[in-house]
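Q: fold the following for me, if possible:
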Amino acid sequence: MNTLAPISPTSVLAIDVRFSDDALTVRLSDGREISVPLEWFPRLRDASPEQRQDWRLIARGIGIHWEAADEDIAVTTLLRTG
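A: Next up, the predicted model:
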């Protein structure tokens with residue numbers, strides 16, 4: 001019997017973002033890291049390194065916004081694809 005309560009995707013928030021040459025990695029409030037290919041997000045793939053680093057959290061971490069790249073990614077999206 002599983003005694004751990006399931007984690008609702010909306011209860012897990014983004015707390016940090018980093019990039020490699022070909023991936024976006026998001027650190028979550030529950031300790032997990034989700035890494036996805038930049039190919040999945042063409043606006044971020046095509047953005048300059050400076051534009052990628054210019055991000056901010058939306059609603060305390062429900063999502064991430066990149067102004068210059070015109071991109072928004074919800075944590076729930078990463079959890080479904082990551």
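Q: how far does the lengthiest helix in the chain sit from its chain's centre?
A: If you go by DSSP state H, the chain has its longest helix at helix 75-81. Helix 75-81 sits 8 Å away from the centroid of its parent chain (Cα atoms, centre = their mean, to the nearest Å).
Q: repeat for stretch 16-23
A: 10 Å.
Q: so the most centrally placed residue in the chain, which state does it fall into?
A: By Cα atoms, centre = their mean, the chain has its centre lying nearest to V26, at 4.4 Å. Here V26 is recorded as strand under DSSP: H, G, I helix; E, B strand; the rest coil.
Q: look at it and report its pLDDT.
A: Predicted confidence (pLDDT) for V26: 97.
Q: how about it, what does it touch?
A: A14, D16, V17, E33, I34, S35, I64, V75, L78 (Cβ atoms under 8 Å, 6 or more residues apart in numbering). (Each C-beta comes from the backbone N, C-alpha and C, glycine too.)
Q: roughly how far does the fifth one sit from W55?
A: Counting by Cβ to Cβ, to the nearest Å, the separation of I34 from W55 is 15 Å.
Q: and the two? Which one has more around it.
A: A count of neighbours by other Cβ atoms under 10 Å puts W55 above the other of I34 and W55, at 23 against 17.
Q: wait, that one touches G63, no?
A: No. The criterion here is Cβ atoms under 8 Å, and W55 misses it with G63 at 10.3 Å.
Q: tell me which other helices or strands the longest helix of the chain touches.
A: strand 23-28, strand 33-37 (3 or more Cβ pairs under 8 Å, 6 or more residues apart in numbering; DSSP states H and E).
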